[in-house]
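Student: Here is my input, please return the structure:
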Amino acid sequence: MTTYKLLLLPGDGIGPEVMDQVQTVIGALAETGIATFETETDLVGGAAIDVHGKPLSDDALARADAADAILLGAVGGPKWNGVAYDIRPEAGLLRLRKDLGLFANLRPAICYPALAEASALKRELVEGLDIMIVRELTGGVYFGEPKEITTLPDGTKRAVDTQVYTTGEIERIAHVAFDLARKRSGRVASAEKHNVMKSGVLWKEVVTQVHAEHYADLALEHVLADNCAMQLVRKPKQFDVLVTDNLFGDVLSDVAAMLTGSLGMLPSASLGAVDARGTRKALYEPVHGSAPDIAGQDLANPLAMIGSLAMALRYSFGLGEAADLLDGAITDALAGGARTRDIAADGANVMGTAGMGEAVVSALRARLR
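Tutor: Sure, this is the predicted structure:
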């Protein structure tokens, strides 16, 4: 049996707690003979600042580069609000994305049948929801230069962030979206703001060209990003694969998260380019933040973190059947009434982080009997 090398970066806040549940699931997978993993653990974010004075050490980056996949919990918290901007906790995550070339962020928004009532929208709008948001991750306004705050002659200040995209950056993320759509319903929606942003004009032009030259058999529609946000709330099931830039992807995926009932439900994958061996660098993380207000209290929902492991099984290790088993175990645990506080209805029996992890492991074992 192949042994896969995983780097675990628990990070800050609730990150270590939800990562503990992933390790429980990894142990169960090994027990059942589905897959075995060699794991290493290192620091990222505020935890790394406390020890190394920076949010990601060179040694941790080297371990990430050598791993078959990386699992990250969460970064940030008020403890580090006063650190210099260049070494803020989030800079560690940005460095991982940039240095490993993780340009494609996949964020599935799935509404589990048992949680349709937990959504902010009516059941009929979200039941059966299955959207894949494909976010460009290493370009755009988060990385563009100049990025600065300057003092003007009159003593006031001016802040500048720069939105930059090249043809090649847009082409490669478009290919990822269309390739995913070919395995799904064959529909892609591309979101930008070509009506007011030159980067949006180029984005629409390049996506249209990639579609015409390589994927003419698939359906493509263009939608303005602000309208897309409205449509996600009005009629979310009209979308299947949604491709967009770094900034809009950040916003739209959080909107989609609440369609599912909670940020605690959404996993994500950040993928690099396929290399000559047919492998790619990849980092998997929940969409939720570090939630320092509930850290250490056994209140966090670990399902997005466990779902991120399922994505690693599927996209990094080629273990589609194992990923289906784990996704199915999450579904079964929820159908059996397992609820953390964020997804519990009034009067429901609420369990903690560890309890939810145990519920998923029990459901996984039941599926293998």
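Student: for whatever helix or strand residue 208 lives in, what is the average pLDDT?
Tutor: Residue 208 belongs to helix 198-214 when assigned by DSSP states H and E. Looking at helix 198-214 alone, the average pLDDT works out to 98.
Student: What lies in contact with that helix?
Tutor: Contact with helix 198-214 is made by 140, 163-165, 167, 170-171, 174-175, 178, 188, 190, 192-194, 218, 220, 222, 243, 245, as judged by CB atoms under 8 Å, 6 or more residues apart in numbering. Heads up, the C-betas are built off the backbone N, CA and C, glycines and all.
Student: filter these to the buried ones?
Tutor: Taking 16 or more other CB atoms under 10 Å as the criterion, what is buried in those is 140, 163, 165, 170, 174, 178, 188, 190, 192-194, 218, 220, 222, 243, 245.
Student: Now do the end-to-end distance for stretch 24-43.
Tutor: End-to-end span of stretch 24-43 (CA to CA, to the nearest Å): 20 Å.
Student: start at 803 instead
Tutor: All set: I'll call the first residue 803, so the last point we hit is now stretch 826-845.
Student: What are the buried residues along that stretch?
Tutor: Going by neighbour count (16+ other CB under 10 Å), the buried part of stretch 826-845 is 826, 827, 828, 830, 831, 836, 837, 839, 844, 845.
Student: Hmm, the fifth one is touching residue 1124, no?
Tutor: Just to be clear, that refers to residue 831. Yes - at 6.9 Å, residue 831 counts as touching residue 1124 under the criterion of CB atoms under 8 Å.
Student: Identify the contacts common to these two.
Tutor: Joint contacts of residue 831 and residue 1124 (CB under 8 Å, 6+ apart) are residue 837.
Student: which SS class is the residue nearest the centre of the chain?
Tutor: The centre of the chain sits closest to residue 1070, judged by CA atoms, centre = their mean, with a distance of 2.4 Å. Following DSSP: H, G, I helix; E, B strand; the rest coil, we place residue 1070 in the strand state.
Student: which other residues reach the helix or strand hosting residue 873?
Tutor: Secondary structure assignment for residue 873, by DSSP H and E: strand 871-876. Strand 871-876 is contacted from outside by 806-818, 820-821, 824, 846-847, 866, 895, 898, 1084-1088, 1090-1093, 1107, 1110-1111, 1114, 1118-1119, using CB under 8 Å, 6+ apart.
Student: ok, which stretches of the stretch 903-1052 of the chain are helices?
Tutor: Remark: helices assigned in the stretch 903-1052 of the chain by DSSP state H, counting those that start in this stretch are 925-928, 969-984, 1000-1016, 1027-1036, 1048-1061.
Student: out of the ones you listed, which comes closest to residue 1129?
Tutor: Nearest of the helices of the stretch 903-1052 of the chain to residue 1129, taken as CB to CB: helix 969-984 at 16.4 Å.
Student: who does that closest one touch, helix- and strand-wise?
Tutor: Secondary-structure packing of helix 969-984 (3 or more CB pairs under 8 Å, 6 or more residues apart in numbering; DSSP states H and E): strand 906-912, strand 932-938, strand 989-994, helix 1000-1016, strand 1043-1046.
Student: one more time with 6 Å, if that's ok
Tutor: Applying 3 or more CB pairs under 6 Å, 6 or more residues apart in numbering; DSSP states H and E, one finds that helix 969-984 contacts strand 932-938, strand 989-994, helix 1000-1016, strand 1043-1046.
Student: Please consider this matter closed, and thank you.
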